[in-house]
Structures are given as structure tokens and as C-alpha cells.
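Trainee: coords please:
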Amino acid sequence: VLFSESYAACKLELDETIGKKRCEFNVANRKRRNIERGMSDRNYPVTKWRPKGTLIAHLHEHKGGISKLVRIPDQPIFASAGSDGCVRLWDCSKFDGPHVAKAHKMFTNHGTSPVNSLAVSADGQFMVSGAENGSISAFKLDSKSELFNKKVNVEDEGPPVEFCFRETGSSPLIVYATAFGNIVGIDLRSKNEAFKLENDLLEGLQTSMAMSPDQTWLVNGTSSGVLTCWDLRFQLPIVKCTHPAESRIRQLTIPGSGEVLASVQGNNEVGLWNMESQFRQLVLWASSSPLLSVNQSNSQSVTAMQSIHNHDMNVLLTAGTDMRVRFWDLQNPDQSYIICGASSEKINPNHVSYKTKLVDGTEVVQEVHAKPKSNQGQTSTFANDHEVNGNKPGLEGPSIGHIDWISSLTLCLSQPNRWYVVTGAKDGVIKVWK
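Mentor: Model (predicted):
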């Protein structure tokens, strides 16, 4: 009898251990699956995808500037956040037909405070947004139910400037960056802080943040051009890099292992940094200023980027204050081109070329515009406004390109292998291109 009772106790402990291990396995499996979903090639266009710059939708429901556009994974939907305090969802599968292009959902969790940033989880179930008044709101997309809200002390931490999700297997962590240098992780289950990283405010205001595809590290950028790489496993800073001109970091994206793409203030400059060597190995330069000039700079900047990095493609889409959308082919730089110009200008591809030079050990891809011939005036690069889409004076619709600077950019998949480029501007207009 004693042996039987002892055996029964051991059996119960074994069953309990097996149950715990099964739960741990399921959690780890969900975490791995969601991370792989974010890294999957199905999140990117197929090889040889080259958008033509044909405008298919002009959306103007926002009453304030667009601050962020994000794609909802595995759905033909993207979300937009604006300075009117609204977050709207759009179904891009309806843009090609006779349907009226309208947002099919709207969230107003921040009142009238301008929404600064927006992020969606890898499985497309959760979304988080933050506003200038410090309010943060997380909600489920299918039910619109709010899961979490918080008010950041704007005077002490500054408003939230960037969001991302980190998978844990059971419920994702919300990670947000504030202007005064904090990076905070929030557990959606307990609603408490999971971690807090602090940057030195002497290195500048925090302007941007991006997380690696495998979610083991992230990088943040500042107004003084400092990039800091954090190891999320040990919650320690491991690498710091500084832009040679200490130019403000505008946007960050991480295309692959150990690499960071950073757009900075001026010269439409985007640099590819190797975080291991702390070296800026590639620069995209759409400016007439001397290459990698520290003292001479034009005012145009890249304020929106979308990296397409998979087995077949290595492309960067950029847009910014010059209101042009560019396709940078990082494998074949000479195949880069301008997808669409500003307002109603029509780009002549024969007058724009891309040349690669080596400057102080850094490869620079420069956009070069041919000088107009004297007998053609200023029409050699851009067509006459009235010739765009065959418009006639007095019958013009919305301008083909943006008339205010582009503040955000994303992709959207309407149906298999039909990808659209989505751009949003500071006047609240969203345009969709194919």
C-alpha cells in the first residue's frame, strides 16, 4: 500500500511536470511562429516587382496630417494615424473596382490629441497607438475592444514617438520609446512594466526606434545623430554609432542581421550601418550637394522608408519632404528609379540616373539629374502639368503626386501578388499606387 501511494504521488508530479512542459512548448511554439511570420517572404512582393507609379486611390478623410501608416499582416488592410486624433482602417482590395474608397473602421481613443505613432502585432490581432498628450491605447482589431491604456507623464518622459511589439508566446509585449530617452516594455497580461531602458538625454531627444526581425535587439536614434543598439535579452546597450555630421535621425528600419538603415536630416540621405563594425558601409544620396558633405546640405530629407529584404529582393522604398517616392535597388543600384514625383510633375526616367562611387571607404549611390537642354527649358525632366493623365485645364482632378511632404509609407497586398505602395502626407492625404 505504501508503495502504491508513493507511486501515485510520483505519477501526479510527473503528470504535472508534463503539463507544464506542454504549456511551455505551446508558448514557445506560438512565439516562434509569430516571429517567423514577421520574417516570412510572404510579407514582401515577389521578384521583379517594380511599381509603375500609377495612382489608384486618393484618400482624404483625415482632417490632419498623417503620422503613421502600417500594414495589417495577412490581410488586404492598412491602418493610418493622423494629427486629427483618429486611427482609420482601409481595405485596399476595394480600390481597384467601382467601390468608393472609404475607411471601414475608425478609432478615436485619444480624443483630439494628435496621434504620433502606431504599430500592429505580427499576427495582426493587436494594435497600439500613442498621442502627443502622452496617452497610449492598445486594442484588438477584430472587436475594437480596448485592452490597455496608459498616460505617460509628458513633462518627465516626453510623448511616445515609436511603438513595436515583441512576441512572448502568450501575449505580446508593447515596446514604446519616448522623446526623453526611455524605452519601455509593457506586459499586456499584467498591464505592468516588463522592462525599462534609459538613454542619456545628453545624446539628444529620441526620435525613432526599430526592432530586429528576430526580436533579440533593437536600435534607437536621436536628434544628435546617435544610434544605440540594445540587447533585449540582457537589456544592455552594446553598440553606439554617431553620424559624422551629427544629423538628426529621422527614420530607422532593420533589413537584416546586424544592419540598420537610418535616414537623417538633409540631402535625402539614407545610410546602411553595420552595427558590429560600427561602420556606415552604404549611403543613398538623392542630393546635388557634394557627396557625404558635412557642411553643405540641402533641406530635403527622407521621412518614410519601407525595406523589402528577402531571398530574391533587397529594395528600399523612400519618400520625404521633396514629395517624391523612390525605389532603391540595393542589389543593382543603377536599376533604381523615381516611382512618382511631387504634385503633377511627371518624371522622365531618361533624365535620371544612379551612379555608384566610393568615398572614404563608403559606397555611395547618387541620384543624378541630367541638365535640361536650352531649347527645352525646364520640361526635359518633368512633363507639363496638363499632360498628366490627359487632364485638360479646368477639368483637373486631384494632383497625381502629393502637394505636401510625405510623412509615412507602407505596402499593402490586395490579392495574391498584387502589391500597392501607400503614402501619407502632412496635409492628411493618403495615396495608393501600383
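
Trainee: CA only for contacts and neighbour counts going forward, please
Mentor: OK.

Trainee: give me the nearest residue to residue 103, chain neighbours excluded.
Mentor: Once flanking residues are discounted, residue 103 sits nearest to residue 90: 4.7 Å by Cα to Cα, 6 or more residues apart in numbering.

Trainee: poorly predicted segments of the protein, please.
Mentor: 1-7, 24-42, 97-100, 169, 373-396 (pLDDT under 70).

Trainee: verify the stated contact: the residue nearest to residue 103 with residue 104.
Mentor: Yes. The pair residue 90 / residue 104 is scored as a contact, 6.0 Å apart, by Cα atoms under 8 Å.

Trainee: which element is the residue nearest to residue 103 on?
Mentor: Secondary structure from DSSP states H and E places residue 90 in strand 87-91.

Trainee: beyond that strand, next helix or strand please.
Mentor: Downstream of strand 87-91, the first helix or strand assigned by DSSP H and E is strand 105-107.

Trainee: quick one: contacts of that next one?
Mentor: Outside strand 105-107, the residues that touch it by Cα atoms under 8 Å, 6 or more residues apart in numbering are 86, 87, 88, 89, 90, 144.

Trainee: neighbouring strands - and their directions - for the helix or strand encompassing residue 270?
Mentor: Taking DSSP H and E as the definition, residue 270 sits inside strand 269-274. In the sheet, strand 269-274 lines up against strand 259-264 (antiparallel), strand 279-285 (antiparallel) (DSSP bridges).

Trainee: tally of neighbours for residue 244?
Mentor: Counted by other Cα atoms under 10 Å, the residues lying close to residue 244 total 12.

Trainee: which SS class is the spatially closest residue to it that is not a sequence neighbour?
Mentor: Take residue 244 and drop its neighbours on the chain: the residue closest to it by Cα to Cα, 6+ apart is residue 294, 7.2 Å away. Secondary structure of residue 294, reduced to three states by DSSP: H, G, I helix; E, B strand; the rest coil: coil.

Trainee: on that earlier part again, pick out the most distant pair among the contacts of strand 105-107.
Mentor: Largest separation among those by Cα to Cα: 90 and 144, giving 14.7 Å.

Trainee: these two - which one has more neighbours?
Mentor: Between residue 90 and residue 144, counting by other Cα under 10 Å, residue 90 is the more crowded of the two (22 against 14).

Trainee: who's in contact with that one?
Mentor: 77, 78, 79, 102, 103, 104, 105.

Trainee: distance of the third one relative to residue 319?
Mentor: Using Cα to Cα, to the nearest Å, one obtains 18 Å as the distance from residue 79 to residue 319.

Trainee: what about those two, which has more around it?
Mentor: Counted by other Cα under 10 Å, residue 79 and residue 319 do not tie: residue 319 has more neighbours, with 29 against 22.

Trainee: just checking, the more buried one touches residue 305?
Mentor: Yes. Counting by Cα under 8 Å, residue 319 does reach residue 305; the two are 6.6 Å apart.

Trainee: quick check: beta-bridge partners of residue 185?
Mentor: Counting by DSSP bridges, residue 185 forms beta bridges with residue 175, residue 195.

Trainee: if I read this right, it contacts residue 196, doesn't it?
Mentor: Yes. With contacts counted by Cα under 8 Å, residue 185 reaches residue 196, the gap being 6.4 Å.

Trainee: of those two, who's got more company?
Mentor: More crowded of residue 185 and residue 196, by other Cα under 10 Å: residue 185, with 22 against 14.

Trainee: and the gap between the more buried one and residue 345?
Mentor: Distance, residue 185 to residue 345, using Cα to Cα: 44 Å.

Trainee: who's in contact with residue 322?
Mentor: Per Cα under 8 Å, 6+ apart, neighbours of residue 322: 300, 301, 342, 405, 406.

Trainee: of those, closest to residue 56?
Mentor: Using Cα to Cα, residue 342 comes nearest to residue 56 of those, at 16.0 Å.

Trainee: who's in contact with the closest one?
Mentor: The neighbours of residue 342, taking Cα under 8 Å, 6+ apart as the test, are 322, 323, 324, 400, 401, 402, 403.

Trainee: could you do residue 286 as well?
Mentor: Going by Cα under 8 Å, 6+ apart, residue 286 touches 267, 268, 269, 366, 367, 368.

Trainee: one more pass at 10 Å, please.
Mentor: Applying Cα atoms under 10 Å, 6 or more residues apart in numbering, we find residue 286 in contact with 266-270, 300-302, 326, 354, 365-369.

Trainee: next: residue 143.
Mentor: Residue 143 neighbours (Cα under 10 Å, 6+ apart): residue 125.

Trainee: any idea how far the strand holding residue 270 is from the chain center?
Mentor: Strand 269-274 has its average C-alpha position 15 Å from the chain's average C-alpha position, going by Cα atoms, centre = their mean, to the nearest Å.

Trainee: list the contacts of that strand.
Mentor: The set of residues external to strand 269-274 that reach it, using Cα under 10 Å, 6+ apart, is 227, 241, 243, 249-255, 257-264, 279-287, 292, 300-303, 305, 316, 318, 362-366.

Trainee: on that earlier part again, which of the strands paired with strand 269-274 is buried the deepest?
Mentor: strand 259-264 (a mean of 25; mean count of other Cα atoms under 10 Å).

Trainee: could you give the separation of that one from the chain centroid?
Mentor: That offset, for strand 259-264, works out to 12 Å (Cα atoms, centre = their mean).

Trainee: can we start the residue count at 337 from this point?
Mentor: Understood, numbering begins at 337; the last thing we discussed is strand 595-600.
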